[in-house]
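In: here you go, sequence then predicted model.
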Amino acid sequence: MNSCDFIVLICKNKGLYIFFCEMKSSNNKENREKVLKQINSSKIFFEYLYKNYLEHFKPKDFEISVENGEYIYIYPASTSQKNPTSASGRNRLKFKKIEINSNGNAAENDIYHFFGV
C-alpha cells in the first residue's frame, strides 16, 4: 500500500495539528479514491510510531489525537475543477490549490495560513 506524500505537524499554543497531505497533478474521482487510501495507510503507520514513542517517553506538553488529523489533497491551481468533498465524518478530504511556477516548483510562505491554523 502506498502512503501519502508527507505529514505536517504544527505545534501552536500547545495545540498540535496533524495534516496528512497528498499531492496530485489533477483533481478527479480516481485520484480522490487513491488519496484516501494513501492517507489511511499513513495514518496507521503514524499511529504505530506514536504508540511506540509513548512506550519510552511521557509527553508533557501535548497529546496527539490522530483522529483529529486533517486530510489534505493538494493540486495545481491551474486545474480549474470543482472541489467535491470525499468521505464522511471528521476525516474527509480538504482541497488546497497551490501555484506552480514554470519550473514546476511551488512555494508557500505562510504555512499557518495554508493549513488554516
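Out: Now that the structure is in, tell me what you want to look at.
In: average pLDDT for the top helix by length along the chain?
Out: Secondary structure of the chain per DSSP state H: the longest helix is helix 29-56. For helix 29-56, mean pLDDT is 91.
In: which parts of it are buried?
Out: 31-32, 35-36, 38-40, 42-43, 46 (16 or more other Cβ atoms under 10 Å). Yep, even glycine has a C-beta here, placed from its N, CA and C like the rest.
In: for this structure, what spans make up the helices?
Out: Using DSSP H, helices in the chain cover 29-56, 111-115.
In: would JSON lines of those helices with distance to Glu22 be doable?
Out: As requested, these are exported to JSON lines (distance: least, Cβ to Cβ, whole Å):
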{"stretch": "helix 29-56", "distance to Glu22": "4"}
{"stretch": "helix 111-115", "distance to Glu22": "14"}
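In: figure out which of those helices is closest to Ala77.
Out: Distance to Ala77, taken as Cβ to Cβ, is lowest for helix 111-115 among these, at 12.4 Å.
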